[in-house]
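**Student:** here is the input, now give the coordinates:
(one chain, ligands or ions: 1)
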Amino acid sequence: MALTGLEIYKQLPKKNCKECGQPTCLAFAMQLAAGKASLEACPYVSDAAKEFLGAASAPPIALVKIGTGEKELSIGNETVLFRHDKRFEHPTGIAIEVYDDMSAEEIAAKVDAINKLVFDRVGQIHEVDLVAVVNRSGDAGKFVEAVKAVQGATKYPLILISSDVNAMGQALEVAAAGKPLVYAATAENYEAMTELAKKYQVPLAVKGSNLNELAELVEKVTALGWKELVIDSGAREVAQALGDLTQIRRKALKEKFRPFGYPAIAFASNPENPLQEAIDAGVYIAKYAGIVVISSADPAVVLPLITLRLNIYTDPQKPIAVEAKIYEIGNPGPDAPVFITTNFSLTYFCVAGDVEASRVPAYVIPIDTDGISVLTAWAAGKYSPEKIAEDLKNLGIKDKINHNKIIIPGHVAVLSGKLAELSGFEVIVGPRESSGIPSFLKQRWN
Ligand code: SF4
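**Tutor:** Below you'll find the model as predicted:
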């Protein structure tokens with residue numbers, strides 16, 4: 001039976017040190033009882049308390065790691081149904097299929113295309129996460145050759161997809177060191193697949209033909225002693241798959257239903273219809289796949305999915321920020337204009353983009369406002385004349401220019417007098433929106 005918050009609280013160290021992200025140990029205990037926190041967040045819990053708390057302290061959805069090294073993918077460990085309740089912890093891993101009945105040249109070309117799916121967006125690098133090698137030929141030898149070829153050509157972790165235990169065993173002999181995800185244990189093969197997963201210490205996907213069978217299979221696999229699992233209800237039609245993914249998440253979080261306490265995998269592969277594939281994959285990223293598998297390596301399919309994932313998995317409590325430093329746009333010289341903005345990524349990239357569009361080389365300086373936009377930062381006192389003057393001095397912009405002018409956003413014209421007094425710069429009030437920068441530079445800067 002689940003423990004109450006007070007029962008959990010009695011086992012906590014009661015230091016009220018806030019290191020777990022909660023204001024007090026009691027608040028942390030309540031979060032644990034509600035399944036919204038993991039005991040690992042408190043570094044001071046004794047081993048005896050960990051043992052006592054047992055299942056109550058386990059995260060409602062297990063953390064599973066696939067791969068090794070810098071491309072290791074973590075999924076699961078989710079604690080909320082809705083992002084606004086707290087945040088989603090681990091972005092959906094995007095996997096792209098490669099088939100073992102393709103020729104060696106086709107496999108090399110597809111893996112090359114996957115490797116090139118790297119996008120720079122709001123100052124961050126985004127890419128896919130996994131390559132799924134599919135035993136479409138049904139031949140163990142071809143599967144092993146394809147696994148070897150793919151793992152030699154990419155840095156991404158693999159998903160090995162085959163229902164043939166013999167083929168999977170041979171593939172693991174060559175690929176187990178990279179900690180691939182084995183897909184999948186089914187009602188027909190779960191005992192042998194579980195043995196392989198235990199032998200090679202790799203995560204295992206469990207696939208049912210519906211939710212009831214999935215729950216039964218997971219219990220059988222865990223009874224065999226393996227708990228590093230990813231789960232699949234077997235649904236491939238989008239409405240059914242969405243319903244199953246939602247049920248899995250709800251039952252894991254709201255009822256602490258242990259068989260569903262693992263990240264889920266969903267398949268959107270549709271080589272005949274890439275648009276439908278992108279739409280279905282978007283649905284699964286939104287709710288609630290830990291991994292989504294697609295067939296296309298076309299950037300037109302993958303980039304929208306990566307953008308959607310970025311939107312959903314961005315922590316609403318932590319705005320995306322760029323480093324506060326002097327950015328040079330278009331190789332500016334000492335007579336170039338200097339734009340002052342904030343380090344909220346979207347604000348910075350709007351300003352930088354519009355400066356670039358003006359074709360006038362310029363310096364852009366985002367002040368560190370903890371990633372907050374101009375008006376919000378000003379209202380919060382983080383974009384004050386004192387702060388801007390101090391940052392300009394520390395960054396040393398005066399050493400780079402032969403004039404004494406800075407341009408501030410039109411929305412904070414009110415800062416100009418005090419900022420001029422504190423910084424010694426002539427403060428020019430720029431346009432209210434960054435889209436006005438090209439015409440502003442044409443009219444006001446020569
Ligand atoms: S980290 Fe541990 S000791 Fe500190 S407040 Fe949280 S629960 Fe209490």
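
**Student:** residues touching Asp232, list them.
**Tutor:** 183-184, 205-208, 214, 264-267 (Cβ atoms under 8 Å, 6 or more residues apart in numbering). No exception for glycine: its C-beta is placed from N, CA and C like everyone else's.

**Student:** out of those, which are inside strands?
**Tutor:** 183-184, 205-207, 265-267 (DSSP state E).

**Student:** domain ranges for this protein?
**Tutor:** Taking automatic domain parsing as the criterion, the chain consists of the domains 5-57, 63-313, 327-444.

**Student:** which of the ones you listed has the lowest mean pLDDT?
**Tutor:** For the domains of the chain, mean pLDDT drops lowest on domain 5-57, to a mean of 86.

**Student:** distance between that domain and the chain's centre?
**Tutor:** 26 Å (Cα atoms, centre = their mean, to the nearest Å).

**Student:** what about it and the ligand, touching?
**Tutor:** Yes - judged by Cβ under 6 Å from any ligand atom, domain 5-57 comes into contact with the ligand at 12-13, 15-20, 22, 25, 28, 42, 44.

**Student:** most neighbours among those residues, please name it.
**Tutor:** Highest neighbour count within the residues of domain 5-57 next to the ligand: Phe28, with 25 neighbours (other Cβ atoms under 10 Å).

**Student:** nearest residue to that one in space, please, no chain neighbours.
**Tutor:** In this structure, Phe28 finds its nearest non-sequential neighbour in Gln22, 4.0 Å apart by Cβ to Cβ, 6 or more residues apart in numbering.

**Student:** secondary structure element holding the one you found?
**Tutor:** Assigned by DSSP states H and E, Gln22 falls within no helix or strand.

**Student:** again, but for the one 4 residues further on
**Tutor:** In this assignment (DSSP H and E), Leu26 forms part of helix 25-33.

**Student:** can you list contacts of that helix?
**Tutor:** Residues contacting helix 25-33 (Cβ under 8 Å, 6+ apart): 2-6, 8-9, 12-16, 20, 22, 37-39, 41-42, 53, 56-57.

**Student:** stretch 164-182 too?
**Tutor:** 65-68, 72, 130, 133, 135, 138-141, 143-144, 147-148, 151, 157-160, 162, 189, 192-193, 196-197, 199-205, 230, 291.

**Student:** among the contacts of Asp232, which one lies nearest to Ala281?
**Tutor:** Distance to Ala281 across these (Cβ to Cβ) is lowest for Ala266, with 8.0 Å.

**Student:** hey, C-alpha coordinates of stretch 411-423 in PDB?
**Tutor:** Taking Å, rounded to 0.1, in the frame of the first residue of the first chain, the C-alpha atoms of stretch 411-423 are listed here in PDB:
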ATOM      1  CA  HIS A 411      10.100  49.600 -25.100                       C
ATOM      2  CA  VAL A 412      12.500  50.700 -22.400                       C
ATOM      3  CA  ALA A 413      13.100  54.300 -23.500                       C
ATOM      4  CA  VAL A 414      12.500  55.300 -19.900                       C
ATOM      5  CA  LEU A 415      15.900  53.900 -19.000                       C
ATOM      6  CA  SER A 416      17.800  56.200 -21.400                       C
ATOM      7  CA  GLY A 417      18.500  59.200 -19.100                       C
ATOM      8  CA  LYS A 418      19.800  57.200 -16.100                       C
ATOM      9  CA  LEU A 419      21.700  54.800 -18.300                       C
ATOM     10  CA  ALA A 420      23.500  57.600 -20.100                       C
ATOM     11  CA  GLU A 421      24.400  59.100 -16.700                       C
ATOM     12  CA  LEU A 422      25.800  55.800 -15.300                       C
ATOM     13  CA  SER A 423      27.500  54.400 -18.400                       C
END
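
**Student:** buried residues, it. List them.
**Tutor:** 411-412, 415-416, 419-420, 422-423 (16 or more other Cβ atoms under 10 Å).

**Student:** same check on stretch 83-102?
**Tutor:** Buried residues in stretch 83-102, counted by 16+ other Cβ under 10 Å: 86, 88-100, 102.

**Student:** state which one residue of the stretch 101-250 of the chain is found closest to the ligand.
**Tutor:** Lys227 (25.2 Å; Cβ to the nearest ligand atom).

**Student:** confirm that residue sits in a helix?
**Tutor:** No - Lys227 is assigned coil when assessed by DSSP: H, G, I helix; E, B strand; the rest coil, not a helix.

**Student:** where does Val174 land in three-state SS?
**Tutor:** The three-state label given to Val174 by three-state DSSP is helix.

**Student:** measure it to Ala420 for me?
**Tutor:** 68 Å (Cβ to Cβ, to the nearest Å).
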